[in-house]
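In: Next input, structure requested:
(chains A and B)
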Amino acid sequence: MINKIVGSAAEAVSEIHNGATVMIGGFGEAGSPIELIHALIDHGAKDLTVVSNNTGSGHVGLAALIENKQVAKTICSFPRTANSKVFPELYHAGEIELELVPQGTLAERIRAGGAGIPAFYTPASVNTPLAEGKESRVFKGQEYVLEYGIKADFALVKAETADRYGNLLYHATARNFGPIMCTASKVAIVQAKKIVEAGRIDPETVVTPGIFVQKVIEINNPLDESKLVEDEMSYP
Amino acid sequence: MIDTGKKIGWNRNEMAQKVALDIPDGSYVNLGIGIPELVADFVPEGRELIYQTENGLLGMGKVPENENKDRELVNAGKKYITAIPGAAYFHHADSFTMIRGGHIDLCVLGAMQVSEQGDLANWSTGAKEAIPAVGGAMDLVAGVKRIFVITQHVTKHGDPKIIEKCTFPLTGKQVVESIYTNLAVIDVKKEGLFVREMAPNVDFNYLQKQTGAKLNQYTQTQV
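Out: Just a heads-up that it's a prediction; the model follows:
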């Protein structure tokens, strides 16, 4: 029998090893799997390469993982927000590496990684500093930059509804990078607000088919990141 | 008694209104963060526009009432929004398929600098101590059919933002179609910058002095 449901967030992240590449879903707070990130902080794996759109807010979630010095490198498109304090400090101190990628290129690199496409050409970033040193090629008179697909060892993703097969539904704009990160990682670990019986999710509406997901944990009342940041909470 | 003088130029809302008037009915539109967001407030009656926000929503609606905020329903600026009836959610690769694939009709962006060739710089001053952050701007200018810029005509320090050649790192080369400032509406043509409209109490000489590139006036036949 296939059953991808695991008992705890700690168990879900227990295989994440030092030096792993970890994709973390979310666009700011929306879709950020905060319980899984906190479990990863407790777990303590270090020298991680994190692929995520942002670098977290305040001193919780992704920001706390970075603050705990577990992240050697981040691949992202927008490493600052109104409340990001942790990343700028470490970046200025030279303690964290940044690979800055245009947002659409980041999405496509992840999609390509999951789809078995090693590299692709994109028009984004041509004639800008982000294209410097990259191979380029002209198609039909227009220049394109070669970008490489990204694969990860693990993905941490937040969903709304899951079943034991790993089929997923998301909520609103929390979907963002979740579906493509599940496809691009060897082990996609998902926290869902609700786990339902197999068969309860209408196959016509499945967003992430279960084949892309390896572990599911139910977190029905996830922490409210904005509130934690507002209250200046920190983790651990 | 100090003479406060006549009001020169447009305010932000008036600038946004100018942009809104130039967006055709039925367009799929992406609005950048900041002043561009105001454009949605000034769509003329009878026109229907669909707003795409690159974090995964087609059919962005108005700002929610206080009690209806959904932490997982945000725009590209991470502000709380609503979805209109008939909206669609999608993941990031699909979002940028819309953007890079040429499916979005028009995008309104802010600017740090615009060159007379329509080059846009709006993500970095290139300063060493700054944390570089780019977001979706480079994908938008690479893929959206028409790019409008809405910006103050000069910087806080009074330096022109419309110049011969951008000194800041580019977002994209030759991408801007029209520039909407507090002083004028300017079209970017192969032949250079053409002033389409000037704000109240702005004359051509004044406008040229506030601009770091040569401005042209349309002849009667061009208009």
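
In: Spell out which parts of chain B neighbour chain A.
Out: B:53-57, B:70-74, B:78, B:83, B:89-93, B:95-96, B:99-100, B:124, B:126, B:129, B:131-139, B:142-143, B:169-173 (C-beta under 8 Å from any C-beta of the partner chain). Every C-beta, even on glycine, is put in place using the N, C-alpha and C of the backbone.

In: tell me the secondary structure for whichever residue of chain A sits closest to chain B?
Out: For chain A, the residue closest to chain B is residue A:104, as judged by C-beta to the nearest C-beta, at 3.2 Å. Secondary structure, DSSP: H, G, I helix; E, B strand; the rest coil: residue A:104 is helix.

In: give me every residue that touches residue 160.
Out: All of this is about chain A. Contact partners of residue A:160, counting by C-beta atoms under 8 Å, 6 or more residues apart in numbering or on different chains, are A:168-171, A:174, A:192-194.

In: right idea, wrong chain: chain B
Out: By C-beta under 8 Å, 6+ apart, the contact set of residue B:160 is B:153-154, B:210-213.

In: can you give me the strands in chain A?
Out: Along chain A, the segments classed as strands by DSSP state E run A:21-24, A:48-51, A:71-76, A:97-100, A:119-122, A:136-139, A:142-148, A:152-162, A:168-169, A:185-195, A:215-218.

In: and residue A:60, which of the ones you listed is closest to it?
Out: Smallest distance to residue A:60 across these (C-beta to C-beta): 13.5 Å, for strand A:21-24.

In: So what touches that closest one?
Out: With contacts defined as C-beta under 8 Å, 6+ apart, strand A:21-24 is touched by A:16, A:32-33, A:37, A:40, A:48-52, A:62, A:110, A:150-157, A:177, A:181, A:184-185.

In: For chain A, give me the ranges with low pLDDT.
Out: Nowhere does chain A drop to pLDDT under 70.

In: Can you list the residue ranges for helices in it?
Out: Ranges of helices in chain A, per DSSP state H, are A:9-13, A:34-43, A:61-67, A:86-92, A:103-115, A:178-184, A:225-230.

In: do the same with chain B
Out: Here chain B has its helices, by DSSP H, at B:12-21, B:92-100, B:137-143, B:204-209.

In: how about those in CSV, adding mean neighbour count, mean pLDDT and distance to residue B:40?
Out: Formatted as CSV, the helices of chain B follow (neighbours: other C-beta atoms under 10 Å in any protein chain shown; pLDDT from 0 to 100; distance: least, C-beta to C-beta, whole Å):
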stretch, mean neighbour count, mean pLDDT, distance to residue B:40
helix B:12-21, 18, 96, 8
helix B:92-100, 23, 98, 18
helix B:137-143, 29, 98, 17
helix B:204-209, 13, 97, 28
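
In: quick one: which of the ones you listed is nearest residue B:112?
Out: helix B:137-143 (10.9 Å).

In: I'd like to know which elements that closest one is packed against.
Out: helix A:103-115, helix B:92-100, strand B:106-109 (3 or more C-beta pairs under 8 Å, 6 or more residues apart in numbering or on different chains; DSSP states H and E).

In: In contact with residue 142, which residues?
Out: Reading this off chain A. Residue A:142 sits in contact with residue A:123, where contact means C-beta under 8 Å, 6+ apart.

In: that's the wrong chain, I meant chain B
Out: By C-beta under 8 Å, 6+ apart, the contact list for residue B:142 reads A:122-126, B:100, B:172, B:175.

In: how about the nearest residue to residue A:40, chain neighbours excluded?
Out: In space, and not counting its chain neighbours, residue A:40 is closest to residue A:13: 4.9 Å by C-beta to C-beta, 6 or more residues apart in numbering or on different chains.

In: show me what contacts that neighbour?
Out: A:36, A:39-40, A:43, A:154, A:156, A:189.

In: Residue B:117: which of these is nearest?
Out: Looking across the contacts of residue A:13 and measuring by C-beta to C-beta, the closest to residue B:117 is residue A:156, at 43.7 Å.

In: sorry, back to before: list only buried entries from the contacts of strand A:21-24.
Out: A:16, A:32-33, A:37, A:40, A:48-52, A:62, A:110, A:150-157, A:177, A:181, A:184-185 (16 or more other C-beta atoms under 10 Å in any protein chain shown).

In: This completes my enquiry, with thanks.
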